[in-house]
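**Student:** how would this look folded up:
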Amino acid sequence: MMPKTGFTTKALNVPYAKEDPHKALQMPVYEAVAYEFDSAEQIEANFKGEYIAHVYSRSSSPTVEYFELKLKALTESQGVVAVSSGMAAISNTIMAITRAGENIISGNRLFGHTLALFKQTLAEFGLETRFSDLKNAEEIEALIDEKTRAIYFETVTNPQLEIPDIEMLSEIARKHNLLLIADSTITPPNVFMAGSFGVNIEVISTTKYISGGATSFGGAIVDHGNFDWNLNPNVSTYIQKFGKNALIAKIKKNIYRNTGGSMAPQTARFQIQGLDILEIRVERCYQNCMKLGKFLSGHAKVKRVDYPGLENDRGYERAKKYFEGVPGTIMSFDLESKAACYRFMNKLKIIRRATNLNDNKSLIIHPESTIYAEFTAQERNVADIRDTMMRLSVGIENPDDLISDIEQALE
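**Tutor:** Numbering: from 1, shown residues only. Here you go, the predicted structure:
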């Protein structure tokens, strides 16, 4: 058994599920589609869930399994399912815990594509999403009825950079026997131990921090093992056979397997390596954020800066409480007009005009005209998406170079 260690040491020393015959220090990429069994009886036992082994790579593979084991160890969770994208993580989770005619409660300031999933795609299949101001406990509780299955939130909203009172949400969820589901993409496990704050399920776009700098596309569902699945009628039928792994079993044997959202082994290899250096990259990006935030806050042409790592930010105290003071590495800032934002973006030479988070390169986007372009003006207003706002994902470049680039673009 490994002694208790720091995050990176732990990441580098998670054991394989089975010993590698060649003692490889990096998990090999298993590109096989199918896996042979020793007998007909053995393969029957596998399909009955009595003998655990890989059978077909749409369901599992050794490389993906190791990524799941590694993330499970780092999140100190009950189980992990790796999927093809962050959106697959969200949709697989919601489909597993709900059915037509039921509802979930969500914050009304969501990443644009999550908002579209809830308002458009899942609504067409009979699932209602009830949107709420997650700062208002009374408003949340007024939306709960016997068909409510979960409260869904983002640990740091994107791109508004608001941090909810996670412990308050946890109390409401426990009081009403609901799941608490967190999109923790912006706050990876080296800064946020979700289970210790009452989160039951995390959904993560591993494309972002975990991939190691935009190397690959993926997602993960993390079950913290702290919810009684008897309380959810859509999962409870799996309890007798799978116990605390009821949700993982339902996703793997039903939703994930049947909808085909599996992670590729090549992707898993990239993401395994990304976990090895996650803590190092986050620390560098965070230090850059702090330097850029202070510079932007003092510039005459910048009208507003949002980054909860800054002491004068509205989310600073919660960032310290929940994320050890490291609330991700994206920030937003406002200029005087949309036209000024466009002029600024077009003059940048080092920071790239592109949409992603936690690439090794710094990336900038104008959310109102891109991610939220398909929404009405009223919907953008409710979500606090301003046409004067830009979102900056801060990379690992030398901070002085980033400041110089911003400075010349603001001239």
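
**Student:** the lengthiest strand in the chain: what's the following helix or strand?
**Tutor:** Across the chain, the longest stretch assigned as strand under DSSP state E is strand 148-154. Going down the chain from strand 148-154, the next helix or strand is helix 166-175, by DSSP states H and E.

**Student:** tell me which residues of that following helix come out buried.
**Tutor:** Buried positions in helix 166-175, judged by neighbour count with 16 or more other Cβ atoms under 10 Å: 166, 169-170, 172-173. Every residue, glycine included, has its C-beta placed from N, CA and C.

**Student:** quick one: contacts of it?
**Tutor:** When contacts are defined by Cβ atoms under 8 Å, 6 or more residues apart in numbering, helix 166-175 is touched by residues 134, 137, 140-141, 144, 150-151, 153, 155, 178-180, 182, 197-200, 318, 322.

**Student:** re earlier: would CSV of the buried residues of helix 166-175 with distance to L117 and pLDDT be doable?
**Tutor:** What follows is those, written out as CSV (distance: Cβ to Cβ, whole Å; pLDDT from 0 to 100):
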residue, distance to L117, pLDDT
I166, 22, 98
L169, 20, 98
S170, 23, 98
I172, 23, 98
A173, 21, 98
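
**Student:** just the closest of the residues you listed to A354, please.
**Tutor:** Closest approach to A354 among the buried residues of helix 166-175 (Cβ to Cβ): I166, at 30.3 Å.

**Student:** ok, the closest one to G195 distance?
**Tutor:** According to Cβ to Cβ, to the nearest Å, I166 and G195 sit 11 Å apart.

**Student:** pull the number of nearby residues for Q42.
**Tutor:** If you count neighbours by other Cβ atoms under 10 Å, Q42 ends up with 13.

**Student:** who touches the helix or strand hosting L296?
**Tutor:** Using DSSP H and E, L296 falls within helix 278-297. For helix 278-297, contacts defined as Cβ under 8 Å, 6+ apart pick out 6-8, 11, 188-191, 209-210, 212-213, 302, 305, 307, 309-310, 312, 326, 329-331, 333, 358, 360, 362, 392, 394-397, 399, 402-403, 406-407.

**Student:** now do stretch 88-101
**Tutor:** Residues external to stretch 88-101 that are found in contact with it (Cβ under 8 Å, 6+ apart): 81, 83, 104, 114, 117, 121-122, 125-127, 147, 149-150, 152, 179, 181, 183, 201, 203-205, 219-221, 232, 234-235, 247, 250-251, 254-256, 259, 261.

**Student:** try it again with 6 Å
**Tutor:** Contacts to stretch 88-101, defined as Cβ atoms under 6 Å, 6 or more residues apart in numbering, come from residues 83, 126-127, 149, 201, 203, 219-221, 232, 234, 250-251, 255-256, 261.

**Student:** gap between that stretch and the chain center?
**Tutor:** In terms of Cα atoms, centre = their mean, to the nearest Å, the centre of stretch 88-101 is found 16 Å from the chain centre.

**Student:** repeat for stretch 197-212
**Tutor:** On Cα atoms, centre = their mean, the centre of stretch 197-212 falls 3 Å from that of its chain.

**Student:** same thing with stretch 66-79?
**Tutor:** With Cα atoms, centre = their mean as the basis, stretch 66-79 stands 14 Å off its chain's centre.

**Student:** pull out the buried positions in that stretch.
**Tutor:** Buried residues in stretch 66-79, counted by 16+ other Cβ under 10 Å: 66-75, 77-79.

**Student:** and for stretch 317-327?
**Tutor:** Neighbour counts using 16+ other Cβ under 10 Å place 318-319, 322-323, 325-327 of stretch 317-327 among the buried residues.

**Student:** got it, and stretch 124-133?
**Tutor:** The neighbour-count check on stretch 124-133 (16+ other Cβ under 10 Å) flags 127-132 as buried.

**Student:** can you give me the helices for the stretch 201-350 of the chain?
**Tutor:** Per DSSP state H, counting those that start in this stretch, the stretch 201-350 of the chain carries helices over the ranges 239-242, 246-250, 256-259, 265-276, 278-297, 316-323, 338-347.

**Student:** so which of these gets nearest E162?
**Tutor:** Short answer: helix 316-323, nearest of these by Cβ to Cβ, at 9.2 Å.
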